[in-house]
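Colleague: Make a model of this:
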Amino acid sequence: MPHKTPTLILVHEPEKACFDRLVADGYPKERAIEISSYLAQSTDLAPEFGLLAAACDKRGLAFTAVELDDAASVLAKADPDTTLVWTLTDGVAYFRGGAVPAMARLNGLRTIGADDALFALCQDKFRSGAVLGALGLPVPQAGLARDGKWLVEPPASAAGWFVKPNRLGAKIGIWPDSRVSELAHALELSRRVFSHYRDDVVVQPYVAGRNVRASFLGLNPETGVEALGIFFVDSGGDFQTMADSMALYGDTGQAAKDAGTYVEPELEPVGASLSAADRKIRAIAERLMSGLGLRDVFSVDFRVEPDDTVHLIEFEVCPGLPCFDFRDYCRTRWGMSLSEAMAETAVKRLVVKSSRRA
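Modeller: Numbers count the residues shown, from 1 in each chain. All right, here's what the predicted structure looks like:
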């Protein structure tokens with residue numbers, strides 16, 4: 001029988017494809033630009049596809065980058081014995097990448113990352129919060145509002161509330177006034193979000209503390225929470241806004257780099273100052289892996305108070321791989337560039353699969 005080259009297929013949804021679809025669906029161009037900007041990791045990683053192909057080739061793998069609209073036909077022709085599918089972007093509302101793991105499963109293909117159910121769950125923050133709470137994890141309780149009306153009223157909060165979209169990059173507040181002291185203001189923000197993005201809002205009690213990102217790449221299949229990179233991510237503000245997010249990634253971020261105005265948030269290991277919080281975060285991540293099914297590659301966002309109190313905000317099954325923090329994680333934890341770390345992760349999965357079939 002002829003030798004079959006093991007292949008890594010990376011499926012990604014480009015910003016422009018999403019933008020064009022949103023405009024065709026009636027979104028104003030400004031809103032379509034904002035929404036599609038969440039796919040900036042596709043824009044940021046595309047120039048490095050050559051590096052990723054070279055890193056794969058060095059390890060005996062072929063590499064193919066596939067745009068989402070072509071994924072169904074490509075995956076239908078792929079060989080289940082030698083193919084691994086890595087989905088770069090998730091989404092079930094504005095974005096459609098969450099369909100890829102299901103398409104891979106339909107064609108008997110192995111995947112990197114969580115199963116397809118979590119690709120949908122993580123993008124609905126109200127539902128995912130309910131599941132995380134059921135697992136006994138420290139996620140803030142939430143209310144849900146749609147266009148100025150409560151679907152679920154939020155709990156009382158002496159510290160006020162934080163308002164964020166339910167399905168659109170929902171760890172951020174879209175505007176600087178996303179922290180509110182009156183629930184009437186929360187309902188006003190829900191009307192604004194519905195008008196701009198056709199989305200509900202999650203309204204949670206405001207929790208104090210610094211923003212923390214826990215990144216994970218299981219270079220080896222048996223890798224556990226000891227490999228988490230847990231860092232404070234300080235950007236100078238209490239929380240990230242839509243404008244802050246757009247300034248870091250994609251075409252806007254590149255323009256800032258070209259102009260010399262690009263400033264990355266500072267990263268500081270949590271364990272260096274709050275060792276108890278570091279341990280709590282690892283325990284939470286272990287619970288997410290065993291109880292929820294996170295694996296291979298993911299990130300989790302937290303708020304951590306000075307007394308080591310930890311608040312779980314959200315998890316992501318498609319972390320921003322080309323973002324500054326994940327690149328730093330690959331360098332500091334694995335001693336590799338992003339492309340080398342991705343290729344090494346892929347070859348370890350394909351080698352394990354081949355050895356089990358032998």
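Colleague: For the rest of this, base every contact and every neighbour count on C-alpha atoms.
Modeller: Noted.
Colleague: Spell out the residue ranges of the helices in this protein.
Modeller: 15-24, 29-36, 40-45, 49-58, 68-77, 99-106, 116-121, 125-134, 183-197, 242-248, 250-259, 275-287, 324-329, 338-357 (DSSP state H).
Colleague: Report the separation between Leu183 and Val66.
Modeller: 45 Å (Cα to Cα, to the nearest Å).
Colleague: rewinding a little: go through the helices of the chain and name the closest to Val212.
Modeller: Smallest distance to Val212 across these (Cα to Cα): 9.7 Å, for helix 275-287.
Colleague: Could you give the average pLDDT over the closest one?
Modeller: Confidence for helix 275-287, expressed as mean pLDDT, is 98.
Colleague: Outside of it itself, list whatever touches it.
Modeller: 137, 214, 224-226, 228, 230, 270-271, 300, 304, 308-310 (Cα atoms under 8 Å, 6 or more residues apart in numbering).
Colleague: Quick check: buried residues in it?
Modeller: 277-278, 281-282, 284-287 (16 or more other Cα atoms under 10 Å).
Colleague: What is the end-to-end distance of stretch 75-90?
Modeller: 17 Å.
Colleague: so how far is stretch 141-156 off the chain centroid?
Modeller: 24 Å (Cα atoms, centre = their mean, to the nearest Å).
Colleague: Please disregard the earlier target; I meant stretch 51-61.
Modeller: Computed by Cα atoms, centre = their mean, the chain-centroid distance of stretch 51-61 equals 25 Å.
Colleague: Buried residues of it, list them for me.
Modeller: 51-56, 59, 61.
Colleague: which one of those residues is nearest Glu188?
Modeller: Leu52 (45.7 Å).
Colleague: what are the phi and psi angles of Leu294?
Modeller: phi -60, psi 140 (degrees, to the nearest 10).
Colleague: so it touches Val317, yeah?
Modeller: Yes - Leu294 lies in contact with Val317 (Cα atoms under 8 Å); the separation is 7.3 Å.
Colleague: if we can go back for a sec, would you turn the buried residues of stretch 51-61 into JSON lines with distance to Arg198 and pLDDT?
Modeller: Formatted as JSON lines, the buried residues of stretch 51-61 follow (distance: Cα to Cα, whole Å; pLDDT from 0 to 100):
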{"residue": "Leu51", "distance to Arg198": "38", "pLDDT": "98"}
{"residue": "Leu52", "distance to Arg198": "37", "pLDDT": "98"}
{"residue": "Ala53", "distance to Arg198": "39", "pLDDT": "98"}
{"residue": "Ala54", "distance to Arg198": "42", "pLDDT": "98"}
{"residue": "Ala55", "distance to Arg198": "41", "pLDDT": "98"}
{"residue": "Cys56", "distance to Arg198": "41", "pLDDT": "98"}
{"residue": "Arg59", "distance to Arg198": "45", "pLDDT": "97"}
{"residue": "Leu61", "distance to Arg198": "42", "pLDDT": "97"}
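Colleague: remind me which residues of the protein are low pLDDT?
Modeller: The model of the chain has pLDDT under 70 over residues 1-3, 169-173, 235-264, 352-358.
Colleague: Show me what Val11 is bridged to.
Modeller: Going by DSSP bridges, Val11 is paired in beta bridges with Val66, Thr87.
Colleague: neighbours around it, how many?
Modeller: 25 (other Cα atoms under 10 Å).
Colleague: Deepest-packed of the helices of the chain, please.
Modeller: Each of these was assessed for mean neighbour count using mean count of other Cα atoms under 10 Å. The highest is helix 40-45, with a mean of 22.
Colleague: Sweet, I'm off.
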